[in-house]
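Enquirer: what's the 3D shape of this:
(one chain, ligands or ions: 1)
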Amino acid sequence: MSVLVTGGAGYIGSHTVIPLVAAGHEVVIVDSFVNSNAAVVDRLEQITGATIPLIELDLRDREGLDRVFATGDVDAVVHIAALKAVGESTSKPLEYYENNLDGTFSLLGAMARHGVTDLVFSSSATVYGEDAPVPYQEDYEPLVASSPYGQTKVMIERILTDVAHADPRWRIALLRYFNPVGAHPSGLIGEDPQGVPNNLMPFLAQVAVGRREKLTIFGDDYPTADGTCERDYLHVDDLADGHLAALDAVRARDPGCRAWNLGTGQATSVMQMLRAFERAVGHELPYEIGPRRPGDLPAFWCDPTRAEAELGWHAGRTVDDMCADTWRWQSRNPEGYPEQVTH
Ligand code: UFG
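Expert: Sure, this is the predicted structure:
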């Protein structure tokens, strides 16, 4: 089967390509490179031994997208491409709504025109908002995210639910990612954020490799065991496997649209993550305690039982695996991918 992966050159997309290829699928990547690097494709070809076609395209380019589908070579879509920085989305809401929503409208239009109706969509734990009880369960309502980024995920989930309801050909998986971290164990691909990392793991990795002076822990006075925030970190390779499991499941299930949490069901604090990363690196890392970051929730993690029961999927890699693999990637690629190459 041929699978189109939007955002396939990005952090999660690139890792997702690997199990898809290993399962025998032909993968085509569509990516705009606004937050990714074409060098990743050479690395993916090294890892998989497959040739992976790459199409540089913004999903909002409707004619370009039609040309991709007109080849007749797309059987299913894994839609990962999106702008994803929570903080930035608050200062640039229009950019986020336009990019994430219109990109999805354009994609859905092309899929419908070409009779492609199997879709796996990247959603986020952020759709549960501030009031959901932990562990988060898929049936929780109402979904209200607190950032424009999160709202785009809520809105697209709603749109996809309505699309599947209106037309029984559609088979759609909504994957609510918790906190993806780690890197492929080859050390060839990993997370390579532009500028100062917003997220904990890439920041820690850049401190360890000497690109940042120290980690600032955003608050140690939360109502948690050690006072720092707790999250459900999962290895990006487990998350990648979850996309393959979801694709298989939607094709085996009755048509419709269904959400699955992808997480471990375990909470790890910022301080525990720092200590685990120090174990991976082999020495202590400099840090300070700073003020809370606006918008951070004290602690959340998922109930992963639906994904385990219905997708046959389980996030088995440990926090130590996540740190060891992140460190292998960062220490072998201290500045991330080589400068942008154009194909
Ligand atoms: N943190 C620090 N210092 C840093 C960076 C992060 O202490 O330099 C802390 C944060 O305060 C938080 C924890 O590390 O307590 C994790 O923060 P991340 O930014 O890595 O992850 P978030 O949980 O804030 O965000 C993630 C995803 C978003 C998603 C959100 C809600 O990155 O896409 O979960 O589900 F919207």
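
Enquirer: which ones are touching the residue of the stretch 201-343 of the chain at minimum distance from the ligand?
Expert: When Cβ to the nearest ligand atom is the measure, the stretch 201-343 of the chain has its nearest residue to the ligand at Cys229, with 2.9 Å between them. For the C-beta atoms, the positions are set from N, CA and C on the backbone; glycine is no exception. Cys229 sits next to Phe218, Gly219, Tyr222, Ser269, Val270, Asp296, Leu297, Pro298, Ala299 when contact means Cβ atoms under 8 Å, 6 or more residues apart in numbering.

Enquirer: The stretch 1-150 of the chain: strands as residue ranges?
Expert: With DSSP state E, counting those that start in this stretch as the criterion, the stretch 1-150 of the chain has strands at 2-6, 26-31, 54-56, 76-79, 118-124.

Enquirer: now those as CSV including distance to Pro291?
Expert: Formatted as CSV, the entries for the strands of the stretch 1-150 of the chain read as follows, by distance: least, Cβ to Cβ, whole Å:
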stretch, distance to Pro291
strand 2-6, 37
strand 26-31, 36
strand 54-56, 41
strand 76-79, 36
strand 118-124, 25
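
Enquirer: got the residues of this structure near the ligand?
Expert: Taking Cβ under 6 Å from any ligand atom as the criterion, the neighbours of the ligand within the chain are 84, 86, 124-126, 150, 179, 198-200, 203, 215-218, 229, 231, 270, 293, 296.

Enquirer: May I see the ChimeraX selection of the buried members of the contacts of Cys229?
Expert: Here is the ChimeraX selection string for the buried members of those, based on 16 or more other Cβ atoms under 10 Å:
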select :218,219,222,269,270,297,299
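
Enquirer: Sitting in helices, which of the contacts of Cys229 do you find?
Expert: Applying DSSP state H to those, the entries found in helices are Val270.

Enquirer: And the nearest residue to Phe178 once chain neighbours are set aside, how far from Asn179?
Expert: Nearest residue to Phe178, sequence neighbours excluded (Cβ to Cβ, 6 or more residues apart in numbering): Gly263, at 3.3 Å. Applying Cβ to Cβ, to the nearest Å, the value for Gly263 to Asn179 is 8 Å.
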